[in-house]
Structure formats: structure tokens, C-alpha cells
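Asks: Okay, predicted coordinates and the sequence, questions at the end:
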Amino acid sequence: MIKLAINVDHVATLRQARGIDEPDPVFAAGICELAGAAGIVVHLREDRRHIQDRDIMLLRQTVKTKLNLEMGAAEEIIQIALQLKPDMVTLVPEKRAELTTEGGLDVIGQEKHLSDVIARMKAAEIPVSLFIDPDAGQIRTSARIGATFVEIHTGRYSDAQNAKEEDSEFSLIAEAVDTAHEAGLRINAGHGLNYRNTARIAALSKIEELSIGHAVMARAIYVGLDQAVREMLALCSCITI
Ligand code: PXP
């Protein structure tokens, strides 16, 4: 059955808005795990706009499931990851001005740099996932340079303006999942998934895990974090194809 990893960055965003010490993403991560999440995801950005170094250090000690550190491939963050030894890292493109991660990584264009980063992580026994658009070239290059996982970017599917567009983006994701599977990669997916559009992606049986943040945190404001996670888990497990 597909697993659900919860991204708790937004808890830190709310804390940073006040510059005080609550709400605490470390506490939130514990609630997500108790509700059944199979992993916790945090993005340590170079500008530290939400998650702080203190958070990842505490999460490393407290997360009982799996800690996935999302990060840009910048040297400062690479050094932190090598010391922290999360259960895995997900490399993402990072631009200072963006509101959230915008596109997938250009693995083809950055093949040399990314393969060096993967080799350094592997030497520290940290599996690497590359966050990429559903594109066969990016997938095959990811496999060739030694990635363990790819995370297929579901953002364009989530942003689709009508059913036709959603169907065509879904087909691209389904094809990408097959291509990644044939290339021997393990497969995660995420970005923009919500309570309406997740079940269809979760039904793609070759995907191991979904990474979801915004929709769960938004719902948590109304119904509480425990219930928001449980409702998303129920959606993820209702159909399998
Ligand atoms: N996966 C990656 C690589 C991301 O950068 C993000 C956003 O931090 C997510 C998944 C989760 O996206 P959302 O918050 O839209 O669920």
C-alpha cells in the first residue's frame, strides 16, 4: 500500500511569522506519526525562511518513522545533510524568490554536479531522491547517475484548470512512473496534491510514497492535524490499480 509522508514546513512558516517558538514543527511531526504518517519531510532552505537548523537536529532525534530532508544542492546544505544523516534526501531546485518549489530539477543540464552530490551522499549511506518533472529523459539520466529514487512532480497535474488538462497531466505521470520503474528507480510523488486529486495518483501502484504538505496543513487549521492526516491516509488507501 502507498505510504504517506507529511511535509511540516508550513508549521515552521507560521512560527516564523511571529518570530517566537510556536507552533513547533517537531511537535507537529510527532502528531503526524501518531496519526499514521510513514515519514516526515522538511525542506531546509538556504534562506531559512521556515525550517531552522534546530528543527532538523531535533527531528533527527525524534522522528520514529523516516526523515526525508528536502534540499537544494548547495554546498552549505550538503555539509549539513552529511552530518545530520537523514534517512534520505530529496534534491530540489531552489530559487530565492519562489513561494514554493517551482519546477523539477534539470538533471540532464546538471548531470555532473548532481552525480557528484549523489556519490557523496551514497558514501555517507544516505539514499538520494531527485525531484523531477514527468519526463523520460530526466528519469533515465537520474537512473544513470545513481539516484535511488525519483520524486515525480505532480504540480502541473494539481494546477490543471479543467478535466481534460488534468487527464493529460495524469497520463504523463502514469507514463513517467512506468519509465522510472523500468529504469530500476524507486518512485515517490508529490507537490500540490490535495483531498480531491490525490486518490488517482495514489492508485498508481508503483509509487511507494506521496509527499504532501500544504493541503494537510490547510485542513488541519479547521479539523486538527491528527484528523487531517487520517483523512488523507484514508484517501490514499481506498483504490489500488
Ligand atoms: N515534494 C517536494 C519536492 C516539494 O518541494 C514540496 C513542497 O515543499 C512537496 C512535495 C509538498 O508539496 P505541497 O506542500 O504542495 O503538498
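Replies: Arrived safely. In this text, all values refer to a predicted model and were calculated from it rather than measured experimentally.
Asks: what's next to stretch 66-79, contact-wise?
Replies: Stretch 66-79 is touched from outside by 5, 7, 38-46, 56, 59-60, 81, 84, 86-94, 101, 110, 113-114, 117, 120, 129, 131, 211, with contacts defined as C-beta atoms under 8 Å, 6 or more residues apart in numbering. C-beta coordinates here come from the backbone N, C-alpha and C atoms, glycine included.
Asks: so what's the residue positioned nearest the centre of the chain closest to, chain neighbours aside?
Replies: Most central in the chain under C-alpha atoms, centre = their mean is S211, positioned 4.3 Å from the mean C-alpha point. In space, and not counting its chain neighbours, S211 is closest to G190: 3.4 Å by C-beta to C-beta, 6 or more residues apart in numbering.
Asks: Nearest spatial neighbour of I212, chain-adjacent residues omitted?
Replies: L193 (5.0 Å).
Asks: what about the one you found, is that helix, strand or coil?
Replies: Classification of L193 using DSSP: H, G, I helix; E, B strand; the rest coil returns coil.
Asks: and it, what does it touch?
Replies: Counted by C-beta under 8 Å, 6+ apart, L193 has contacts T154, S158, I201, L210, I212, A215.
Asks: Tell me who's in contact with the first one.
Replies: Think T154. I173, A189, G190, H191, G192, L193, I201.
Asks: near the ligand, which of the contacts of L193 show up?
Replies: Subset of those in contact with the ligand: I212, A215, counting by C-beta under 6 Å from any ligand atom.
Asks: following the helix ranked longest in the chain, which helix or strand shows up next?
Replies: The helix that spans the most residues within the chain, counting by DSSP state H, is helix 163-182. Counting by DSSP states H and E, the next helix or strand C-terminal to helix 163-182 is strand 186-190.
Asks: hang on, the earlier thing: which residues touch the residue nearest to the centre of the chain?
Replies: Contact partners of S211, counting by C-beta under 8 Å, 6+ apart, are A5, N7, V41, N68, T90, E151, N188, A189, G190, H191.
Asks: make it 7 Å
Replies: A5, N7, V41, E151, N188, G190 (C-beta atoms under 7 Å, 6 or more residues apart in numbering).
Asks: right, is the longest helix of the chain up against the ligand?
Replies: No. Residues of helix 163-182 contacting the ligand under C-beta under 6 Å from any ligand atom: none, with a closest distance of 13.5 Å.
Asks: now that helix against strand 186-190, angle please.
Replies: Going by axes from the mean of the first three to the mean of the last three C-alpha atoms, to 10 degrees, helix 163-182 is angled at 160 degrees with respect to strand 186-190.
Asks: got the CA positions of helix 163-182 in PDB?
Replies: C-alpha atoms of helix 163-182 as PDB (Å, rounded to 0.1, in the frame of the first residue of the first chain):
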ATOM      1  CA  ALA A 163     -10.700  17.800 -16.500                       C
ATOM      2  CA  LYS A 164      -9.100  17.400 -20.000                       C
ATOM      3  CA  GLU A 165      -5.900  19.100 -18.800                       C
ATOM      4  CA  GLU A 166      -5.900  17.000 -15.600                       C
ATOM      5  CA  ASP A 167      -6.300  13.800 -17.600                       C
ATOM      6  CA  SER A 168      -3.400  14.700 -19.900                       C
ATOM      7  CA  GLU A 169      -1.100  15.600 -17.000                       C
ATOM      8  CA  PHE A 170      -2.200  12.400 -15.200                       C
ATOM      9  CA  SER A 171      -1.200  10.300 -18.300                       C
ATOM     10  CA  LEU A 172       2.200  11.900 -18.300                       C
ATOM     11  CA  ILE A 173       2.700  11.000 -14.600                       C
ATOM     12  CA  ALA A 174       1.500   7.400 -15.200                       C
ATOM     13  CA  GLU A 175       3.900   7.000 -18.100                       C
ATOM     14  CA  ALA A 176       6.700   8.500 -16.100                       C
ATOM     15  CA  VAL A 177       6.100   6.100 -13.300                       C
ATOM     16  CA  ASP A 178       6.400   3.200 -15.700                       C
ATOM     17  CA  THR A 179       9.600   4.600 -17.200                       C
ATOM     18  CA  ALA A 180      11.100   5.100 -13.800                       C
ATOM     19  CA  HIS A 181      10.100   1.600 -12.700                       C
ATOM     20  CA  GLU A 182      11.700   0.100 -15.900                       C
END
